[in-house]
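Novice: Please find the sequence and the predicted model below.
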Amino acid sequence: MLRIGLTGGIGAGKSTVSATFAECGGVIVDGDVIAREVVEPGTEGLAKLVEAFGDDILLPDGALDRPALAAKAFGDEEQRATLNGIVHPLVAQRRAEIIDSVSDEKVIVEDIPLLVESGMAPLFPLVVIVHADPDVRVQRLIKRGMAESDARARIAAQATDEQRHAVADVWLDNSGSESELVDRAGELWRERVMPFAENLRAGRAVDAPSAVVAADPTWQEQGRRIVERLKTACGHHAVGVEHVGPTAVPGRDARDLIEVRVTVASPEGAAELDGPLLRAGYPRVDESRYASADPGRPTNVYVRVGDSRG
């Protein structure tokens, strides 16, 4: 099963991409929907929010008064951390229950507003970021009825563009029309997502490029992102994960291939990696090598037994 992490700042157009992916056949696990579900009247989540923020965040019928909660939580970093500490674990639990009920043949799209802020990006084989400039997003939010000051406060409370770039495998620009964004999302699904999913189901890696190309200044950033993904996938089995080979050297012409070395402490640890690496997007190719099933990012992963020093 291929799991995609989808996110973007408020007003960026993430919902449009999510809807497009759903029309293409993706199973959408919507963090916003789940976040509302876990704080409905009578839930543990709502009780904890009232305990933390007071009963003035409730409407007369006992439901959550979201604007009242937002006024308390989004203007103060400590209060926002309290809110996230209550809601995020409940959302994660419910998300896991939904995913466990879905067939392995499906592509799961996890629509998570705070994917970057919560440090969840390395959990996904593919992370898609929907982007629009802050001023564009503010104007969209004002048209939805939000006060400009509230819109800017919400945007300021979320991840920066730099933080999003650091985790983005795909950067979908939404500075144009909605129809243009729909077209880009549909093309991404057809040309990258579906081949990736089919390769994973077949346990098939993409071919490594053979031609040497001019140095790409983003290779090191891509390597860091993949290293974090592999650290998460390998967990305690890995004593070291590092970007190696020509693309790890800034300014060096090379094949457009990210190479990563995973060091494990024992042969038993190496034997445990097939499942975790496949779920992360890297089928086994031979005795000591795994490679990416993602046609958009050829990668070789070499597993060796030793220590992290050499």
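Specialist: Looks like it came in fine. Residues are numbered from 1 along each chain as shown.
Novice: switch to C-alpha atoms for all contacts and neighbour counts from now on
Specialist: Will do.
Novice: In contact with Asn292, which residues are there?
Specialist: Not Asn; residue 292 is Ser. 205-206, 281-283, 298-300 (CA atoms under 8 Å, 6 or more residues apart in numbering).
Novice: and with 10 Å instead?
Specialist: For Ser292, the contact set (CA atoms under 10 Å, 6 or more residues apart in numbering) comprises 125, 196, 199-200, 203-208, 258, 277-278, 280-285, 298-301.
Novice: do Val87 as well
Specialist: 34-36, 38-39, 44-46, 48-49.
Novice: quick revisit: derive a ChimeraX selection command for the buried subset of the contacts of Ser292.
Specialist: Buried subset of those, written as a ChimeraX selection, criterion 16 or more other CA atoms under 10 Å:
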select :125,196,199,200,203,204,205,206,208,258,277,278,280,281,282,283,284,285,298,299,300,301
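Novice: Tell me which of the contacts of Ser292 fall in strands.
Specialist: Secondary structure defined by DSSP state E assigns 258, 299-301 of those to strands.
Novice: how about these in JSON lines, adding distance to Arg66 and pLDDT?
Specialist: Listed next are these as JSON lines, based on distance: CA to CA, whole Å; pLDDT from 0 to 100:
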{"residue": "Ile258", "distance to Arg66": "45", "pLDDT": "98"}
{"residue": "Thr299", "distance to Arg66": "44", "pLDDT": "98"}
{"residue": "Asn300", "distance to Arg66": "47", "pLDDT": "98"}
{"residue": "Val301", "distance to Arg66": "46", "pLDDT": "98"}
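Novice: Now for the protein: which helix has the highest residue count?
Specialist: helix 77-100 (DSSP state H).
Novice: in that helix, what's buried?
Specialist: Applying 16+ other CA under 10 Å to helix 77-100 flags 79-80, 83, 86-88, 90-91, 94-95, 99 as buried.
Novice: got the CA positions of it in PDB?
Specialist: Taking Å, rounded to 0.1, in the frame of the first residue of the first chain, the C-alpha atoms of helix 77-100 are listed here in PDB:
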ATOM      1  CA  GLU A  77       2.500  29.400  21.400                       C
ATOM      2  CA  GLU A  78       2.000  27.600  24.800                       C
ATOM      3  CA  GLN A  79      -1.700  27.400  24.400                       C
ATOM      4  CA  ARG A  80      -1.300  26.100  20.800                       C
ATOM      5  CA  ALA A  81       1.000  23.400  22.100                       C
ATOM      6  CA  THR A  82      -1.600  22.400  24.700                       C
ATOM      7  CA  LEU A  83      -4.200  22.200  22.000                       C
ATOM      8  CA  ASN A  84      -2.000  20.100  19.700                       C
ATOM      9  CA  GLY A  85      -1.000  17.800  22.600                       C
ATOM     10  CA  ILE A  86      -4.600  17.000  23.200                       C
ATOM     11  CA  VAL A  87      -5.900  16.600  19.700                       C
ATOM     12  CA  HIS A  88      -2.900  15.100  17.800                       C
ATOM     13  CA  PRO A  89      -2.700  11.700  19.700                       C
ATOM     14  CA  LEU A  90      -6.500  11.200  19.300                       C
ATOM     15  CA  VAL A  91      -6.300  12.000  15.600                       C
ATOM     16  CA  ALA A  92      -3.400   9.600  15.100                       C
ATOM     17  CA  GLN A  93      -5.300   6.800  16.800                       C
ATOM     18  CA  ARG A  94      -8.400   7.300  14.700                       C
ATOM     19  CA  ARG A  95      -6.300   7.700  11.500                       C
ATOM     20  CA  ALA A  96      -4.600   4.300  12.200                       C
ATOM     21  CA  GLU A  97      -8.000   2.600  12.700                       C
ATOM     22  CA  ILE A  98      -9.200   3.900   9.300                       C
ATOM     23  CA  ILE A  99      -6.000   2.900   7.400                       C
ATOM     24  CA  ASP A 100      -6.100  -0.600   8.900                       C
END
